[in-house]
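A.B. asks: My questions are about this predicted structure, shown below with the sequence.
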Amino acid sequence: MGPIVPEWAPGGVDGVVDQVKRLWAFKERHQQVMITSPKQNGTIWYLATWTEKAGRPDGEDPVAEVKNTDLRWLLDRLETIFDGR
């Protein structure tokens with residue numbers, strides 16, 4: 001039996017989700033989120049950053065970030081945050 005893949009996930013080889021396609025689709029849906037690869041940011045992390053609208057008195061909106069060495073984990077977390085999946 002192969003891996004269990006959610007119905008909403010695009011298929012790949014043997015039903016394994018193609019993470020690059022997921023990344024592109026996420027970036028299309030959420031253009032406010034900047035996602036960089038380890039090669040782009042010079043670390044070991046896939047890094048996602050975005051500005052939180054906090055309405056702070058000083059007018060500064062904090063920057064939020066999520067990072068992980070695994071792109072699948074990062075996209076799972078971002079989809080939970082932004083898409084409620």
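C.D. replies: Cool, got the structure.

A.B. asks: any idea which helix is longest in this protein?
C.D. replies: Ranked by residue count, the top helix of the chain under DSSP state H comes out as helix 71-83.

A.B. asks: so how far is that one from its chain's centroid?
C.D. replies: Remark: helix 71-83 is offset 5 Å from the chain centroid, using CA atoms, centre = their mean, to the nearest Å.

A.B. asks: and that helix, what does it pack onto?
C.D. replies: For helix 71-83, the packing partners by 3 or more CB pairs under 8 Å, 6 or more residues apart in numbering; DSSP states H and E come out as helix 19-29, strand 46-51, strand 63-68. To be clear about C-beta, it is placed using only N, CA and C from the backbone, and glycine gets the same treatment.

A.B. asks: Relative to K39, how far out is E52?
C.D. replies: 27 Å (CB to CB, to the nearest Å).

A.B. asks: quick one: which of those two has more around it?
C.D. replies: With neighbours defined as other CB atoms under 10 Å, E52 and K39 compare such that E52 has more, 10 against 7.
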